[in-house]
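Undergrad: Sequence and computational prediction follow.
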Number of protein chains: 2
Amino acid sequence: MTHTRFTSLTQKLPQTVPFVGPETQERQRGGPFLARLGANENVFGPSPKAIAAMQAASREIWKYGDPTSYDLRMALADHYDIGLDNIVVGEGIDGLLGYLVRLMVGSGDRVVTSDGAYPTFNYHVAGFGGELVKIPYVDDRENLLGLLAKAKEVDAKLVYFANPDNPMGTWVTGSEIQAALDLVPEGTVLILDEAYSEFAPKEAVPDIDINDPRVIRMRTFSKAYGMAGARVGYALGQSDLIGNFEKIRNHFGMNRAAQDGAIAALEDQTYLEDLVKKVALARERIYQIALDNGLNALPSATNFVSIDCGQDGAFAQRVLASLVAQGLFVRMPFVSPQNRCIRISAGTPQDLDILAELLPKALAQASNA
Amino acid sequence: MTHTRFTSLTQKLPQTVPFVGPETQERQRGGPFLARLGANENVFGPSPKAIAAMQAASREIWKYGDPTSYDLRMALADHYDIGLDNIVVGEGIDGLLGYLVRLMVGSGDRVVTSDGAYPTFNYHVAGFGGELVKIPYVDDRENLLGLLAKAKEVDAKLVYFANPDNPMGTWVTGSEIQAALDLVPEGTVLILDEAYSEFAPKEAVPDIDINDPRVIRMRTFSKAYGMAGARVGYALGQSDLIGNFEKIRNHFGMNRAAQDGAIAALEDQTYLEDLVKKVALARERIYQIALDNGLNALPSATNFVSIDCGQDGAFAQRVLASLVAQGLFVRMPFVSPQNRCIRISAGTPQDLDILAELLPKALAQASNA
């Protein structure tokens, strides 16, 4: 029944998914999870004003969304005091990363990232025939200077750097990033994935001229704004770079209600501030739960905490498997030595009561295996 | 400030948008349109059950949507009595067309379509470096046999064929399509864009084995189901072809509430049947408004009607410009001789009262220009 002639690149690609969703795991285990702390979703949810805006927009869903996302970009331009043409809105950071890779990466072009960093970015690079060059984390942090040196060495088109980092929650200071910009090789673009930046201390966010052509910043309404299911991300950068997205993006790809929700969420900074405090408390609780079990947790600038299970990746994998089997959706880093950890999203107090209850059993099971 | 090294393909592409949205036009004219009849949206809106499902899901929007769209695909598999692996869900037909082109079309590969057919498809083909080969409409209908003959002649990877057609509203019978399948060249895939099929007479919908590797069918919740702003499309086809989308699609690109809304909309077939009747009445009204103005309208199997303005493209363009200036959002075909028409979406009775009121003035203005 073969008939179709795929491109040579398509023929080489695997059928894959960067992450298995919790719904698939729930179907496999035959029931819902007790708590959902695996995907760094914001369990506290978005501003009630954002929910109300989405609900109102549901009645108008027969209309296509504005393909220019004008109102949302205006709101973001005001928020950041930048120009409309410095902003492109897309179907989550995932969608925008795919577009950026497509704009810049052809067959055999090099792209630099950290070994164990965001797999969806790697998926896009492979999907356009790019060649991934990876360097290790250092002390559980992405090695920005190492990434830039490697980019120069291999003549990379793109460098991926998340700050704060996922999956470790670690960060570098904004001034470190600013100082590193002069090391971005000519023609290379540094992707600064700031999905978690709203949770981070102010000093983790660099001050970069929006017209600096060496950097593109990726941000999202999925994390601090609590709207992961809405799929609203945006990229900030030099207008020439941003304008190129108009050549390839799915102009009518954005959900109309999601855009209205994002505008309302952005307006409600009071809610955001309160949310960030709740997440900070949840992080403290996770640190404490780790300590109560004789484990260390990594200081985090995000809405998740990586707990060091104190042994190797196989041990952490057993801890994770036990937690999942007991009904707690969690994930863990993929690569050694970071895979000695499990990664726990900031949950509600009730969610974290479940973690506190299940973790000792998981550790015991993993030790006795 | 040039710094970035785009691919050679990116450098050749224009910054463009396949369609200018009505919101942009409203900003330009300084006020809202009186009626929105230009984008073949379903002004009657979705089932109240779909709205309720989206509103309920808005409260859960902190969760990512299921990247496998399992529940929606299950509902579609039941609806069509096909397998889960024959269905891929994407960000509207637009998104799915982009993925399909990416899977199959590389630099210089030929793709066949009708001159004046869906521009977003052409945008994707150009965006992946494909070479578009166009043949004209015949008697305001897409020429299926001609498209397939041209595909054989130029060794095309893809052929695009919409049934019913947009922008003309015309259609061919399902049995004509079935008979033509044997003319699909080896290795070519026929894209059957059935965005409007729910509005069409039953005989316009072909009966094609879901495992036939020569065809992929594109369908949507944007039109008859009234959810254009939700961005939910799906493709139906042979599992091997469908499976290839897993290699490249944005797995987490789907809005969670939109998926829930689509499931509820699909369940409410009673609402759909009623809606199709309302649209049929609106078509009759548009035919009558045309007649009242001494014009003919093309029989349509969609939720829009092309009114033949009786002169050339320049005249129709003036009619359109006057309608838009008077506050009615409408569009028109791009290519001669189809561009002698203006295209009017099936509106509410109130919307069509506005059309009836404004069209005579537009025709007078166009004649006196």
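TA: Nice, I can see it.
Undergrad: which outside residues touch stretch A:132-139?
TA: With C-beta atoms under 8 Å, 6 or more residues apart in numbering or on different chains as the test, stretch A:132-139 has contacts from A:110-117, A:122, A:125-126, A:143, A:146-147, A:150, A:154, A:156, A:168, A:335, A:338. (Each C-beta comes from the backbone N, C-alpha and C, glycine too.)
Undergrad: if you look at those, which of them are in strands?
TA: A:R110, A:V111, A:V112, A:T113, A:S114 (DSSP state E).
Undergrad: what's the neighbour count on the first one?
TA: A:R110 is flanked by 20 other residues according to other C-beta atoms under 10 Å in any protein chain shown.
Undergrad: now do the second one
TA: Residues lying near A:V111 (other C-beta under 10 Å) number 27.
Undergrad: circling back to that earlier point, show me just the buried residues among the contacts of stretch A:132-139.
TA: When these are checked for burial by 16 or more other C-beta atoms under 10 Å in any protein chain shown, the buried set is A:110-117, A:122, A:125-126, A:143, A:147, A:150, A:154, A:156, A:168, A:338.
Undergrad: Roughly how far does A:A362 sit from A:G108?
TA: Applying C-beta to C-beta, to the nearest Å, the value for A:A362 to A:G108 is 44 Å.
Undergrad: So these two - more neighbours on which side?
TA: Between A:A362 and A:G108, counted using other C-beta under 10 Å, the more crowded position is A:A362 (24 against 8).
Undergrad: so does the strand or helix carrying that one get close to chain B?
TA: Using DSSP states H and E, A:A362 sits in helix A:349-368. No: residues of helix A:349-368 contacting chain B under C-beta under 8 Å from any C-beta of the partner chain: none, with a closest distance of 12.3 Å.
Undergrad: now swap in stretch A:31-50 and tell me
TA: Yes: on the criterion C-beta under 8 Å from any C-beta, stretch A:31-50 is in touch with chain B at A:R36, A:A39, A:E41, A:N42, A:V43, A:F44, A:G45, A:P46, A:A50.
Undergrad: What are the buried residues along that stretch?
TA: Buried positions in stretch A:31-50, judged by neighbour count with 16+ other C-beta under 10 Å: A:33-47, A:49-50.
Undergrad: Buried residues, stretch A:165-174. List them.
TA: Neighbour counts over stretch A:165-174 (16+ other C-beta under 10 Å) mark A:D165, A:N166, A:P167, A:M168, A:G169, A:T170, A:W171, A:V172, A:G174 as buried.
Undergrad: Name the nearest of those relative to A:T220.
TA: Closest approach to A:T220 among those (C-beta to C-beta): A:N166, at 11.5 Å.
Undergrad: any idea of the pLDDT on that closest one?
TA: pLDDT recorded at A:N166 is 97.
Undergrad: Near the nearest residue to A:L355 once chain neighbours are set aside, how many residues? Count them for me, please.
TA: Spatial nearest neighbour of A:L355, chain neighbours left out: A:I289 (5.8 Å); criterion: C-beta to C-beta, 6 or more residues apart in numbering or on different chains. Residues near A:I289, counting by other C-beta under 10 Å, number 21.
Undergrad: Who are the contact partners of A:I289?
TA: With contact taken as C-beta under 8 Å, 6+ apart, A:I289 is in contact with A:I307, A:L352, A:L355, A:A356, A:L359.
Undergrad: relative to helix B:256-267, how tilted is the host helix or strand of A:A265?
TA: Assessed by DSSP H and E, A:A265 sits inside helix A:256-267. Counting by axes from the mean of the first three to the mean of the last three C-alpha atoms, to 10 degrees, helix A:256-267 lies at 150 degrees to helix B:256-267.
Undergrad: Give the other helices and strands that helix A:256-267 contacts.
TA: Here helix A:256-267 touches helix A:48-58, helix A:70-80, helix B:48-58, going by 3 or more C-beta pairs under 8 Å, 6 or more residues apart in numbering or on different chains; DSSP states H and E.
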